[in-house]
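Q: one predicted model, sequence on top.
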Amino acid sequence: MIKSQPQEYSFIPKTWIFPAEYSQFQNYVKELRRKRKQKTFIVKPANGAMGHGISLIRNCEKLPAQAQDHFIVQEYLDKPFLMEGYKFDLRIYILVTSCDPLRIFLYNDGLVRMGTEKYHTPNEANLSQLYMHLTNYSVNKHNENFERDETADKGSKRSIGWFTEFLRMNDYDVAKFWGDVSELVVKTLIVAEPHVLHAYRMCRPGQPPGSDSVCFEVLGFDIILDRKLKPWLLEINRAPSFGTDQKIDYDVKKGVLLNALKLLNIRASDKKRNLAQQKAEAQRRLYGQGSMKKLSAASSEAEKQRHTLERRKEELKEQLTQVRKQISREEHEKRHLGNYRRIYPPDDKLLLEKYESLLSAAFQTFLAGRAASLQKEMNNPLKRMKEEDILDLLEQCELDDEKLLGKSSRQRGPKEWMKCPKGTHRKREGERLREGEEGKKAEKQMYKNAIKQAFPTFLPLGPLFHI
């Protein structure tokens with residue numbers, strides 16, 4: 001994604017995975033020498049944790065002897081944003097409640113982890129001073145300068161809530177800062193989504209898209225800021241520590257977990273209901289219940305049209321079910337967000353379009369030629385429709401069905417199974433009154449064109465909307 005979308009993924013320091021990318025690293029070092037530049041690199045064990053085995057190097061001739069080892073080399077950011085003269089990083093907690101569809105929440109508090117020696121630009125004399133260059137708590141807690149404090153605004157470990165107020169008091173653009181952090185998180189998880197979704201669907205064959213999620217994840221994003229307050233992603237911890245050595249750990253991490261469990265809406269009946277759904281789906285596939293009759297080559301044109309119409313109605317009903325589940329899910333989320341906020345999907349339509357474009361590019365990059373159904377689903381025009389638009393299309397399908405059967409036209413209006421929950425029609429009418437006539441026509445024309453692309457064989461039946 002960095003190669004195909006360099007402008008969108010400029011928040012990751014140059015990184016090489018050894019031994020696979022050893023040659024690329026050597027080429028980069030040669031280019032630096034040609035330009036008479038020298039960089040500092042941080043070397044991390046591939047399976048390391050808590051700062052163990054990390055070192056800094058400037059003399060890259062030391063690396064060939066280790067070239068067959070598995071480790072990560074990352075360009076060191078030597079001009080970080082400092083606080084009281086110390087280098088620090090941010091531990092941001094992220095909750096992914098679902099990958100099908102993708103839903104991401106950012107916890108509004110977290111940890112600020114500071115070094116315990118005043119920071120100086122790396123040189124040959126101070127490369128080994130890890131208390132200066134590393135911000136890992138597991139490293140710095142062994143330094144005699146480490147300050148333990150029971151409050152969130154002092155010591156070597158502080159809260160992100162305090163840091164946000166620090167930025168505000170010093171006239172930094174807090175909204176832009178958190179917007180940049182949110183984009184970094186979402187864009188990173190977009191890269192992982194094709195792999196995760198494909199594996200998730202493989203583990204749940206037969207489950208329709210948008211079914212209740214059976215997995216969640218709390219991730220720890222480690223982010224460092226440069227002197228211009230730009231966030232850079234250092235690493236992601238899929239199993240962040242929930243140890244509580246200090247009171248600030250307890251206060252922050254307790255909130256992360258309690259708010260996550262409330263937001264997830266886990267119920268004792270979920271497992272039983274899910275098993276029943278799996279059994280019903282298996283029987284449906286086994287006995288062909290609900291499946292449409294297959295057409296033969298000798299089928300009449302009318303039968304083919306009715307078959308296409310039934311296929312369209314099934315897709316619309318399935319999408320309507322997903323939309324209503326989504327509405328119910330969002331209502332629950334709004335009531336139980338706690339100290340989380342949703343960052344994907346965002347409320348901003350332009351930002352959502354950008355994310356969806358990146359998601360489509362990720363599927364094409366990582367699942368090219370594979371998982372065709374996932375890629376087709378991504379481009380499904382029904383996916384972006386609102387409940388009332390799907391109901392309109394279903395009603396039009398009923399009219400077209402009657403036309404094929406030669407029945408007289410009936411008064412338009414949703415059938416009983418199409419009816420929305422109480423109050424929805426009134427709300428929908430109010431929304432329509434607020435919208436301009438030109439906006440409605442443009443939106444309906446967009447849906448008409450989208451459906452024509454999705455069902456090109458059904459065009460002889462006439463318009464999908466009576467405008």
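A: Here it is on my side, so go on.
Q: switch to C-alpha atoms for all contacts and neighbour counts from now on
A: Noted.
Q: tell me who's in contact with residue 258.
A: If you count contacts by C-alpha atoms under 8 Å, 6 or more residues apart in numbering, residue 258 has none.
Q: kindly format the C-alpha coordinates of stretch 96-114 as CSV.
A: Below are the C-alpha coordinates for stretch 96-114, written out as CSV (Å, rounded to 0.1, in the frame of the first residue of the first chain):
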residue,chain,number,x,y,z
VAL,A,96,-12.3,-3.4,16.7
THR,A,97,-15.8,-4.7,17.4
SER,A,98,-16.3,-6.3,14.0
CYS,A,99,-14.5,-7.0,10.7
ASP,A,100,-17.7,-7.9,8.8
PRO,A,101,-18.5,-5.0,8.5
LEU,A,102,-15.4,-3.2,9.8
ARG,A,103,-16.1,-1.0,12.8
ILE,A,104,-13.3,0.7,14.7
PHE,A,105,-13.4,2.7,18.0
LEU,A,106,-10.7,4.8,19.6
TYR,A,107,-10.5,5.1,23.4
ASN,A,108,-10.1,8.8,24.4
ASP,A,109,-7.5,8.1,27.1
GLY,A,110,-4.3,6.1,27.1
LEU,A,111,-0.7,6.3,28.3
VAL,A,112,2.1,8.8,27.7
ARG,A,113,5.4,6.9,28.3
MET,A,114,8.5,9.0,28.8
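Q: in the stretch 251-400 of the chain, which spans are strands?
A: When assigned using DSSP state E, counting those that start in this stretch, the strands of the stretch 251-400 of the chain occupy the ranges 340-344.
Q: where does pLDDT dip in the stretch 251-400 of the chain?
A: The model of the stretch 251-400 of the chain has pLDDT under 70 over residues 270, 281, 284-285, 287-300, 302, 369-385.
Q: show me where it has its helices.
A: Using DSSP state H, counting those that start in this stretch, the helices of the stretch 251-400 of the chain run over residues 270-287, 301-336, 349-366, 372-378, 387-405.
Q: between those helices, which gets nearest to residue 70?
A: helix 349-366 (23.4 Å; C-alpha to C-alpha).
Q: counting by contacts, list what that closest one packs against.
A: helix 174-203, helix 372-378 (3 or more C-alpha pairs under 8 Å, 6 or more residues apart in numbering; DSSP states H and E).
Q: what are the buried residues along the longest one?
A: For helix 174-203, burial by neighbour count (16 or more other C-alpha atoms under 10 Å) applies to 180-191, 193-194, 197-198, 200-201.
Q: need the winner for burial among the helices of the stretch 251-400 of the chain.
A: Ranked by mean neighbour count, the helices of the stretch 251-400 of the chain are led by helix 387-405 with a mean of 18 (mean count of other C-alpha atoms under 10 Å).
Q: and that helix, how far out from the chain's middle?
A: 35 Å (C-alpha atoms, centre = their mean, to the nearest Å).
Q: please name every helix or strand in contact with that helix.
A: In terms of contacts (3+ C-alpha pairs under 8 Å, 6+ apart), helix 387-405 is packed against helix 301-336.
Q: which elements pack onto the helix it packs on?
A: Counting by 3+ C-alpha pairs under 8 Å, 6+ apart, helix 301-336 packs on helix 247-264, helix 387-405.
Q: columns distance to residue 122 on top of these, output as a markdown table?
A: Converted to a markdown table, the helices and strands packed on helix 301-336 look like this (distance: least, C-alpha to C-alpha, whole Å):
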| stretch | distance to residue 122 |
| --- | --- |
| helix 247-264 | 30 |
| helix 387-405 | 58 |
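Q: quick check: which of those is nearest to residue 215?
A: Once those are compared by C-alpha to C-alpha, helix 247-264 is nearest, at 9.6 Å.
Q: hmm, back to that, what's the closest of the helices and strands packed on helix 301-336 to residue 31?
A: helix 247-264 (44.1 Å).
Q: how far off strand 340-344 does that closest one point, in degrees?
A: 60 degrees (axes from the mean of the first three to the mean of the last three C-alpha atoms, to 10 degrees).
Q: buried residues, helix 247-264. List them.
A: 248-249, 252-253, 255-256, 259-260, 263-264.
Q: one step back: which one of the helices and strands packed on helix 301-336 lies nearest to residue 133?
A: Across these, closest to residue 133 is helix 247-264 (C-alpha to C-alpha), at 22.4 Å.
Q: would you mind writing the CA trace of the closest one as CSV?
A: Output of helix 247-264 as CSV, limited to C-alpha atoms (Å, rounded to 0.1, in the frame of the first residue of the first chain):
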residue,chain,number,x,y,z
LYS,A,247,-2.6,3.6,39.7
ILE,A,248,-2.6,5.3,36.3
ASP,A,249,-2.4,1.9,34.6
TYR,A,250,-5.4,0.7,36.6
ASP,A,251,-7.5,3.8,35.9
VAL,A,252,-6.9,3.8,32.1
LYS,A,253,-6.9,0.1,31.4
LYS,A,254,-10.0,-0.6,33.6
GLY,A,255,-11.8,2.0,31.5
VAL,A,256,-10.6,0.4,28.2
LEU,A,257,-12.0,-3.0,29.2
LEU,A,258,-15.2,-2.0,30.9
ASN,A,259,-16.3,0.4,28.2
ALA,A,260,-15.4,-2.2,25.5
LEU,A,261,-17.5,-4.9,27.1
LYS,A,262,-20.5,-2.5,27.4
LEU,A,263,-20.1,-1.5,23.7
LEU,A,264,-19.8,-5.1,22.5
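Q: chain center to that helix: distance?
A: 21 Å.
Q: got the helices of the stretch 251-400 of the chain as CSV, with distance to residue 27 columns?
A: Below are those laid out as CSV (distance: least, C-alpha to C-alpha, whole Å):
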stretch, distance to residue 27
helix 270-287, 53
helix 301-336, 49
helix 349-366, 25
helix 372-378, 36
helix 387-405, 55
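Q: I figured residue 115 hits residue 134, correct?
A: Yes - between residue 115 and residue 134 there is a contact under C-alpha atoms under 8 Å: 6.2 Å.
Q: who touches both of those two?
A: residue 140.
Q: more crowded one of these two?
A: residue 115 (28 against 23; other C-alpha atoms under 10 Å).
Q: what number of residues lie near residue 138?
A: Residue 138, neighbours per other C-alpha under 10 Å, totals 11.
Q: before we move on, what SS does it have?
A: Of the three states, residue 138 takes helix under DSSP: H, G, I helix; E, B strand; the rest coil.
Q: now it: how far from residue 355?
A: From residue 138 across to residue 355, the span is 36 Å (C-alpha to C-alpha, to the nearest Å).
Q: quick one, what contacts residue 346?
A: residue 352.
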